[in-house]
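**Q** Have a look at this fold, sequence not included:
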């Protein structure tokens, strides 16, 4: 990232932010959400330099929060933004959470803040929901995917932020445009927003 930033400066190219996405596997601890921590082995070598870079260049820290991968039957509505009542409670901050997305972002924020970089912006590089999966798989289907994406857009555009980051708007990218049949599982193959075959047929008719 340092090299790319230097190259852009040498080329007199401005207005471009350099960053790189991270899965939530970077967290050693995520519950309670205010106790979020990066994996200890990578703090000094990776996350402190990366966050220092973002702080200096005013670029965002990118994460890929997938509520789908953390669901159980009893937390499905919580993951889909369909819960009006608090499902998760942080005993440290006394804050209550009605959706998993906020909980995941606050765990990341807590890890960043612990290192002194809580003011660095967070950008959601990937999130989404599968429209198909293995037989009898919990919470998989077109209706579930539509509900997640619709509620996600409404939530991030509301400007409410999260319990630990109120009134913040997070630039958010939905994964993905099309399905990917090279992924290892049926659910992972079906995160696409558009049907590639149907789109080709529509374009041919047009």
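**A** Alright, I've got the coordinates. Treat the numbers as computed from the prediction; the structure is a model and nothing was measured.
**Q** tell me the pLDDT at residue 104?
**A** Note for residue 104: predicted pLDDT of 98.
**Q** roughly how far apart are it and residue 111?
**A** Residue 104 sits 11 Å away from residue 111 when distances are taken as Cβ to Cβ, to the nearest Å. Every C-beta, even on glycine, is put in place using the N, C-alpha and C of the backbone.
**Q** Same check on residue 70?
**A** Distance from residue 70 to residue 111, by Cβ to Cβ: 17 Å.
**Q** Looking at those two, which is more packed in?
**A** residue 111 (25 against 15; other Cβ atoms under 10 Å).
**Q** and after whichever strand or helix holds residue 50, which helix or strand comes next?
**A** In this assignment (DSSP states H and E), residue 50 forms part of helix 48-57. Using DSSP H and E, the next helix or strand after helix 48-57 towards the C-terminus is strand 61-64.
**Q** Return the set of buried residues in stretch 182-191.
**A** 187, 189-191 (16 or more other Cβ atoms under 10 Å).
**Q** and if you look at stretch 105-116?
**A** Those would be 105-115, for stretch 105-116 by 16+ other Cβ under 10 Å.
**Q** quick one on the thing from earlier: for the helix holding residue 50, packing partners?
**A** In terms of contacts (3 or more Cβ pairs under 8 Å, 6 or more residues apart in numbering; DSSP states H and E), helix 48-57 is packed against helix 2-10, strand 61-64.
**Q** tell me the angle it makes with helix 2-10.
**A** 20 degrees (axes from the mean of the first three to the mean of the last three Cα atoms, to 10 degrees).
**Q** can you list contacts of helix 48-57?
**A** For helix 48-57, contacts defined as Cβ atoms under 8 Å, 6 or more residues apart in numbering pick out 1-2, 5, 17-20, 59-61, 112, 115, 117, 119-121.
**Q** mind redoing it with 7 Å?
**A** 1-2, 5, 18-19, 60-61, 112, 115, 117, 120 (Cβ atoms under 7 Å, 6 or more residues apart in numbering).
**Q** can you check stretch 116-131 too?
**A** 19, 21, 51, 54-55, 60-66, 68, 105, 108-109, 112, 140-142, 144-145, 148-149, 152, 170-176, 187, 190-191.
**Q** Confirm residue 101 sits in a helix?
**A** Yes: note on residue 101: a helix contains this position according to DSSP: H, G, I helix; E, B strand; the rest coil.
**Q** Perfect, that will be all.
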